[in-house]
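A.B. asks: structure for this input, please:
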Amino acid sequence: MTNLSVKLAVFEGPLDLLLHLIEKNKVDIHDIPIVMITDQYMAYIRALESEDMELMSEFLVMAATLLDIKCRMLLPAPQDPDAEEQDPRAELVERLIEYKMYKYMSQELSDRHIDAGRSIFKGTTLPAEIAGYREPIDYAALVGEATIEKLQLIVGAMLRRQADKVDPIRSTFGEVAKDEIDMEQKMAYVEAYLASHRRFAFVTLLERQRSKMEIIVTFLVVLELIRIGRVSIRQNDLDGDIIIMAA
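C.D. replies: A predicted model of the protein is given here:
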């Protein structure tokens, strides 16, 4: 396994030290008390002993930046009321927020690397009879270009046609008995129709049904016949009729 090195040591750079001082003093990063933070930063610089001149130069540049911000904040506000006052800390705050984001991202990557090292992957150990199993029916070959969604569209059109036949006034007279469709009887009906026709349009079968419930049950029967491989369906073109054929 290749080792991933994610290095973010404490006070590795001036931004890291500033971020530590802000969190230690529990102050708002958007409203840094620049005098207090500058004094604490300078105290750390004085105590720092390092032979790395490049690193020391980075800390000293930040020290100069803090002193510059401190001086600008002590200057009186501009007399011109129309002049837009800019916070001298704004650029530093933006850099600190960006650094904090990348620091936490690096810590997250380090944690994930550690967690990944504790994961163990198991290879495939399926028995030969299961690994070699194939579906007894090729549903893709049965359905072809015609999809279940297209069948549903046809059923929906038939249901809307049935609804248009209902008289909105007379249908409210008296009591309407609940349709009870026997699934086994409808299966026998469709199988008999299939035996006598062998090949027919799906919409033709649905048009012979007398109610919404019969259309729905007929649709379910056709789906079941497709599932068990008793029928196959075809559609010669995108807008053509879906043809049901005995398998």
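
A.B. asks: where does the record place the domain boundaries for the protein?
C.D. replies: 14-76+86-114, 139-162+181-246 (automatic domain parsing).

A.B. asks: deepest-packed of the ones you listed, please.
C.D. replies: domain 139-162+181-246 (a mean of 15; mean count of other C-beta atoms under 10 Å). For glycine as for every other residue, the C-beta is placed from the backbone atoms N, C-alpha and C.

A.B. asks: run through this structure and note the low-pLDDT ranges.
C.D. replies: Counting by pLDDT under 70, the chain contains low-confidence ranges at 1-11, 49-52, 77-84, 135-148, 151, 161-180, 238.

A.B. asks: all helices of it, in order?
C.D. replies: Secondary structure of the chain (DSSP state H): helices located at 14-25, 34-47, 53-74, 90-117, 128-131, 139-143, 148-164, 183-197, 202-207, 212-227.

A.B. asks: turn those helices into TSV, including distance to Asp241.
C.D. replies: Output for those, formatted as TSV (distance: least, C-beta to C-beta, whole Å):
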stretch	distance to Asp241
helix 14-25	71
helix 34-47	79
helix 53-74	77
helix 90-117	55
helix 128-131	41
helix 139-143	15
helix 148-164	9
helix 183-197	14
helix 202-207	6
helix 212-227	14
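
A.B. asks: from what I can see Ile216 touches Val155, true?
C.D. replies: Yes. At 7.2 Å, Ile216 and Val155 qualify as touching, with contact defined as C-beta atoms under 8 Å.

A.B. asks: let me have the domains of the chain in a markdown table, adding distance to Thr124 as columns.
C.D. replies: Listed next are the domains of the chain as a markdown table, based on distance: least, C-beta to C-beta, whole Å:
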| stretch | distance to Thr124 |
| --- | --- |
| domain 14-76+86-114 | 25 |
| domain 139-162+181-246 | 25 |
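
A.B. asks: which one of those domains lies nearest to Ile130?
C.D. replies: Distance to Ile130, taken as C-beta to C-beta, is lowest for domain 139-162+181-246 among those, at 19.8 Å.

A.B. asks: ok now that closest one, how far from the chain's centre?
C.D. replies: The chain centroid and the centroid of domain 139-162+181-246 are separated by 36 Å, computed with C-alpha atoms, centre = their mean, to the nearest Å.

A.B. asks: make residue 1 into 2 and carry on from there
C.D. replies: Happy to do that; since the first residue is 2 now, the last one works out to domain 140-163+182-247.

A.B. asks: one step back: which one of the domains of the chain lies nearest to Leu127?
C.D. replies: Comparing the domains of the chain by their distance to Leu127 (C-beta to C-beta), the top pick is domain 140-163+182-247, with 22.3 Å.

A.B. asks: still on that earlier bit, quick one, which of the helices of the chain is nearest to Ile244?
C.D. replies: Judging the helices of the chain by C-beta to C-beta, what sits closest to Ile244 is helix 203-208, at 7.3 Å.

A.B. asks: name the helices or strands packed onto that closest one?
C.D. replies: helix 149-165, helix 213-228, strand 244-247 (3 or more C-beta pairs under 8 Å, 6 or more residues apart in numbering; DSSP states H and E).

A.B. asks: list the contacts of it.
C.D. replies: By C-beta atoms under 8 Å, 6 or more residues apart in numbering, the residues outside helix 203-208 that reach it are 152, 155-156, 158-159, 191, 194, 216, 219-220, 223, 234, 242-245.

A.B. asks: pull it out as PDB, backbone CA atoms only.
C.D. replies: In PDB, the C-alpha atoms belonging to helix 203-208 read as follows (Å, rounded to 0.1, in the frame of the first residue of the first chain):
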ATOM      1  CA  PHE A 203     -52.200  -4.800 -27.600                       C
ATOM      2  CA  VAL A 204     -54.700  -1.900 -28.000                       C
ATOM      3  CA  THR A 205     -57.200  -4.300 -29.800                       C
ATOM      4  CA  LEU A 206     -57.200  -6.500 -26.700                       C
ATOM      5  CA  LEU A 207     -57.800  -3.600 -24.400                       C
ATOM      6  CA  GLU A 208     -60.600  -2.100 -26.500                       C
END
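
A.B. asks: thank you kindly, that will do.
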